[in-house]
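1. Predicted model and sequence below, questions to follow.
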Amino acid sequence: MKYLDEYRDARIARALVGQLARRVTRPWVLMEICGGQTHTLMRYGIDELIPPQIELVHGPGCPVCVTPLEILDKAIRIASLPDVTLVSYGDMLRVPGSRSDLFHVKANGGNVRVAYSPMEALKIARAHPDRRVVFLGIGFETTAPANAMAVWQAARDGLQNFSMLVSHVLVPPAIRLLLGSPRNRVQGFIAPGHVCTVMGYREYEVLSREYRVPIVVGGFEPIDLLEAISMLVAQLEGGRAEVENQYVRSVTYEGNRSAQELMRRVFEVCDRKWRGIGVIPRSGLRLRAEFVAHDAEKVFGIGEEAAEEPAECISAQVLQGLKKPVECPAFGGRCTPGKPLGAPMVSAEGACAAYYQYRRHSRATPGDLP
Amino acid sequence: MSDERNPMEQFTCPAPLPPQDKVLLGHGSGGRLSAELLRDVFLPAFRNPVLAQLNDQAIVNVDGIRLAFTTDSFVVKPLFFPGGDIGSLAVYGTVNDLAMGGALPLFLSAAFIVEEGLSMEFLRKIVASFQRAAGEVGIEVVTGDTKVVEKGKGDGLFINTSGIGRVPAGVNLSANQARPADRVLLSGPVGDHGIALLSQREGLTFETPLVSDSAPLHTLVAAMLEVGPGIRCLRDPTRGGLSSTLNEIAALSRVGVVLDEPAIPIKEEVRGACELLGLDPLYVANEGKLVAIVEAAQAEKMLAAMRAHPLARDAQIIGTVTEANRGLVTMRTLLGTTRIVDMLSGDQLPRIC
C-alpha cells in the first residue's frame, strides 16, 4: 500500500540498522514519548534489530493510561444517568475506574457509545434532543483540536444537550518533569509525531537547550522510528543537542496554526493530574469559562472526589525508563490486560500492554503454557 | 520543580476490579472473554467427552454411523451486507461448521426470532436467500421454529440454525491433533467479511467495492479430503479472526504456531480500512475461509488441491507448527523479527491516536 509499505520495507530497515551500527560507539538511553511509537517498536521487534548499546525506554505518552481515575469515575457516574448518552474513544471503555469501567456501565443499561471522532457525538446530540450527550474528551494535543471543534460548533449552534468531560494533557511539561528527575537516565527523546503535526516543534527547542538533550520528532512506522533513532545517535555521538524533524511528511516547524488557534479559543492551560504520576503544573487543558454550558463537569455539577490508587506495581520505574515491564514480578501473571494492576497494562499504547501483547514469548521456554 | 517532590517518584496504580458479575459484549467476541465464559459457566455444567473436544461440531457415533452435529446463532448487523445477508450466512455458517469436521451436510434446522415491526418484504427476501443457499449446498431444511419478540427486544432478526452431516469413514479431524512440523494453510485473504460489514456501518467506500467472503466450504473440504490423509484439523476463522482460531489450535494441541507475516494474504482494501480504523486484520471475522493444519509431507500437494478450487485460489502456506512456545502463536514480522499474535481479551477497540 502506497505511503505505508515504503515505511515497513525490510531492505530499508536493514540499511538503517547498518548505518546505526556504524554510528554508535558507546551506550545510549533513548525514550520514545508516544504510546503509538511504543506499540510499533514492540509490534515490529525494533529493539531486537538495533545495536545492543542502544537502550529504548518507554515514555508516558499513552493518553488512556494517564487519564486520571477521578475523570473516569466522573464519566462512569455521568454515563449511569438514565437520560445520558456517553460517547467515547473505544479504548477508554476497558480502563478500570475505582469500582467499575464503562463496559460494565453499558452492561448495566447505560447508554455508552464508541466513536472515532467527537463530531459523531455532535451528530447524536442533534438527532436526539431529548438526551444529554456527553463526549469524553481526553488525549494529548493530537485529539484536542477535534474536541475543541466539537465544543465550538455546539456553542455556535446553541446545541444545549451536548457537553464534554475534558481531561487533556500536554507533552512538553511531562518531558520537563522527566528531565528534572534526579534519577533520569534518558539521553535523547523521540518526540510524538502526531502531537507535533498539530503543535509544530518550536516548544521543544527550549527543552533541548535548557537540558542539553537531543530531541527528534518521529513518525509511527518502523522506518520512521529507525531513522529517528539513527538521527538521535548521530547527535549524541557528535555532541550535539538539537531539535530535528524526522516526520517531515506530516510535521512542520509551526504546526497546524488553525488547529492551534481553535484550541486556544476553546481551551486554556491548567494544572492536570496524570494517572500514576500526580499533578503536573500547567500540563493540561480545560474548557474556557465562556463554554461553561458545554462543560460536563459544570453541567452535571460533579465535584472533586478523591480516588485512591494503592501502590501495587512498578509503573513509576517503567515510565521513567528505570525498569522494563518484564522486570515486574506481577507482569503476565497477576497483571494482564484482562486484569490490569497498573495503567500501562490497560491500553494497547501502554508499555506493559505492548510487551504483553507482542513480546512475552521471549520469556517463555519450550514446554511453558501461558 | 523541586527534585525531592518530583511526582514521578510517587507513581501509584489502580487495584484490579472485582470479578465480573455481568455479561459484557466482549464475552461474545470470540476472544479470551468468550473462552472464559465457556470454561467457567458452560463446560462445567455440560461436561462430557464429546463437548470437551471443543471442535466446531460434535462428532457422535450412532449405530456405527458417525454423525456431525452443530448449532450456530446469527446476530449480524446490517441484515443485508455487501456480498450476502443474514439468510445465506445462517446456512453457510452451519454448513461450514459441519465441513470443518469433514462431514457431508445433510439436514438443517431454521429458527427465526423476529422483532415486531420488521418489514415483511425484508423477511421474505431473507427467507428466499436462506432457501437459495440451502438448495445450492444441497442441505435439506427439515425442521424450524418462529418466534416474534416485542419491538425493542430484538435487533430486527436473529436466526439459529443447527445442522447434521455424515462423516466419511477414515476422516478424523480435530483441533487437538496439530503436531510439531505440521504446516498451516490458509484458503485465501482474511478480513473481508468483517471489514465489508464495518465499512457499510461506518460509511467507508473503496475504489473496488469490498464484499463479504460468505460462502459454503463443503466442496473445498471434499476436494482436500480427496488428496488423501494428512489433514489434522480444519477450522473456519470466523468471529475473532485468524488469530483466535490459531490460538485455540495451539492451546488444544499444546503446540506453538509460527506464522510468516509476508505470506498471509490480505486484500489492499482490507489493509487500508484496518489502518484507518486502527484494527488488526488478523482479528477480523471471515465467513468463507478455512485454516488447515496439514502434515508437512502433504502440504504442497494439499495447497495445489486448494488452489484448484474456486474458493481457495489464493491459498497460502502461512506458517509451521512448533514444539517451542507451546500454546502461543508467534509471527516472523516483515522485518524478520518475532512477535506474539495474541488472543484478544474482548472485542478489538480502536486506539485513540
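-> Looks like it came in fine.
2. Can you list the buried residues in stretch B:28-44?
-> B:28-35, B:37 (16 or more other CB atoms under 10 Å in any protein chain shown). No exception for glycine: its C-beta is placed from N, CA and C like everyone else's.
3. Where does pLDDT dip in the stretch 251-370 of chain A?
-> When residues are selected by pLDDT under 70, those of the stretch 251-370 of chain A lie in A:308-312, A:320, A:362-370.
4. so is the residue in it positioned nearest to chain B in a helix, a strand, or just coil?
-> Using CB to the nearest CB, residue A:316 is the residue of the stretch 251-370 of chain A that sits closest to chain B, at 2.8 Å. Reduced to three states with DSSP: H, G, I helix; E, B strand; the rest coil, the structure at residue A:316 is helix.
5. For it, grab the count of nearby residues.
-> Residue A:316 has 21 neighbouring residues, counting by other CB atoms under 10 Å in any protein chain shown.
6. was I right about it contacting residue A:275?
-> No: contact status for residue A:316 versus residue A:275: not in contact, 11.9 Å apart, counting by CB atoms under 8 Å.
7. where does residue 184 fall, phi/psi-wise?
-> As the question left the chain open, I've gone with chain A. The main-chain torsion angles of residue A:184 are listed as degrees, to the nearest 10 and equal phi -60, psi 130.
8. Please refer instead to chain B.
-> When read as degrees, to the nearest 10, the backbone of residue B:184 gives phi -100, psi 120.
9. what's the burial count for it?
-> Counted with other CB under 10 Å, the burial measure for residue B:184 works out to 27 neighbours.
10. which parts of the stretch 251-353 of chain B sit against chain A?
-> B:251, B:254, B:268, B:271-272, B:275, B:277, B:323-328, B:330, B:333-340, B:342, B:345-346, B:349-353 (CB under 8 Å from any CB of the partner chain).
11. returning to what we had before: taking the buried residues of stretch B:28-44 one by one, which sit in helices?
-> The subset of these located in helices under the criterion DSSP state H comprises B:32-35, B:37.
12. Same list (those residues) but as CSV, adding distance to chain A and pLDDT.
-> Formatted as CSV, these follow (distance: CB to the nearest CB, whole Å; pLDDT from 0 to 100):
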residue, distance to chain A, pLDDT
B:32, 6, 83
B:33, 8, 85
B:34, 12, 88
B:35, 11, 87
B:37, 13, 90
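13. Format those as TSV; extra columns: distance to residue A:184.
-> Conversion of those to TSV gives the following (distance: CB to CB, whole Å):
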residue	distance to residue A:184
B:32	37
B:33	39
B:34	44
B:35	42
B:37	45
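14. Could you name the helices and strands sitting against the strand ranked longest in chain B?
-> Longest strand in chain B, counting residues (DSSP state E): strand B:104-115. Strand B:104-115 sits against helix B:86-99, helix B:120-137, strand B:140-149, strand B:157-166, helix B:218-226, with contacts defined as 3 or more CB pairs under 8 Å, 6 or more residues apart in numbering or on different chains; DSSP states H and E.
15. Just put those in CSV and tack on mean neighbour count, distance to residue B:113 and mean pLDDT.
-> Formatted as CSV, the helices and strands packed on strand B:104-115 follow (neighbours: other CB atoms under 10 Å in any protein chain shown; distance: least, CB to CB, whole Å; pLDDT from 0 to 100):
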stretch, mean neighbour count, distance to residue B:113, mean pLDDT
helix B:86-99, 28, 11, 98
helix B:120-137, 16, 12, 97
strand B:140-149, 12, 5, 97
strand B:157-166, 22, 4, 97
helix B:218-226, 20, 26, 98
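16. wait, which of these is closest to chain A?
-> Using CB to the nearest CB, the nearest of the helices and strands packed on strand B:104-115 to chain A is strand B:140-149, at 17.9 Å.
17. What strand or helix carries residue A:190?
-> Here residue A:190, judged by DSSP states H and E, is contained in strand A:188-192.
18. Export only the CA atoms of that strand, formatted as PDB.
-> Presented in PDB, the C-alpha positions along strand A:188-192 are these (Å, rounded to 0.1, in the frame of the first residue of the first chain):
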ATOM      1  CA  GLY A 188      17.600  11.600  23.900                       C
ATOM      2  CA  PHE A 189      13.900  11.800  23.000                       C
ATOM      3  CA  ILE A 190      11.800  10.800  20.100                       C
ATOM      4  CA  ALA A 191       9.100  13.400  20.200                       C
ATOM      5  CA  PRO A 192       5.500  12.400  19.200                       C
END
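19. neighbouring contacts of it?
-> The list of residues contacting strand A:188-192 from outside it, by CB atoms under 8 Å, 6 or more residues apart in numbering or on different chains, reads A:28-34, A:36-37, A:59, A:61, A:140, A:142, A:171, A:175, A:201, A:204, A:213-218, A:225, A:228-229, A:232-233, A:235-236, A:243.
20. Contacts (any at all) between chain B and the helix or strand following that strand?
-> Scanning forward in sequence from strand A:188-192 by DSSP H and E, the next helix or strand is helix A:193-199. Yes: judged by CB under 8 Å from any CB, helix A:193-199 comes into contact with chain B at residue A:194.
21. helices and strands around helix A:193-199, which ones?
-> For helix A:193-199, the helices and strands in contact under the criterion 3+ CB pairs under 8 Å, 6+ apart are strand A:28-34, strand A:215-218, helix A:257-266.
22. ok so, going back, quick one, which of the helices and strands packed on strand B:104-115 gets closest to residue B:207.
-> Nearest to residue B:207, of all these, is helix B:86-99, at 25.8 Å by CB to CB.
23. Counting by contacts, list what the closest one packs against.
-> Here helix B:86-99 is seen to pack against strand B:65-74, strand B:104-115, helix B:120-137, strand B:157-166, helix B:218-226 when contacts are counted using 3+ CB pairs under 8 Å, 6+ apart.
24. try 6 Å
-> Counting contacts by 3 or more CB pairs under 6 Å, 6 or more residues apart in numbering or on different chains; DSSP states H and E, the secondary-structure elements packed against helix B:86-99 are strand B:65-74, helix B:120-137, strand B:157-166, helix B:218-226.
25. what about residue A:353, which helix or strand?
-> For residue A:353, the enclosing helix or strand under DSSP H and E is helix A:351-359.
26. Which one of the residues in the stretch 1-150 of chain A is closest to chain B?
-> Scanning the stretch 1-150 of chain A for the residue nearest chain B gives residue A:45, at 2.7 Å (criterion: CB to the nearest CB).
27. how about that residue, what does it touch?
-> Contacts for residue A:45 were tallied using CB atoms under 6 Å, 6 or more residues apart in numbering or on different chains; they are B:337, B:339.
28. What distance do you get for whichever residue of the stretch 251-353 of chain B sits closest to chain A to residue A:45?
-> Among residues of the stretch 251-353 of chain B, the one nearest chain A by CB to the nearest CB turns out to be residue B:337. It sits 2.7 Å away. Separation of residue B:337 from residue A:45 (CB to CB, to the nearest Å): 3 Å.
29. beta partners of residue A:55?
-> On DSSP bridges, the residues paired with residue A:55 through beta bridges are residue A:29.
30. That one against residue A:31, yeah?
-> No: between residue A:55 and residue A:31 there is no contact under CB atoms under 6 Å: 9.5 Å.
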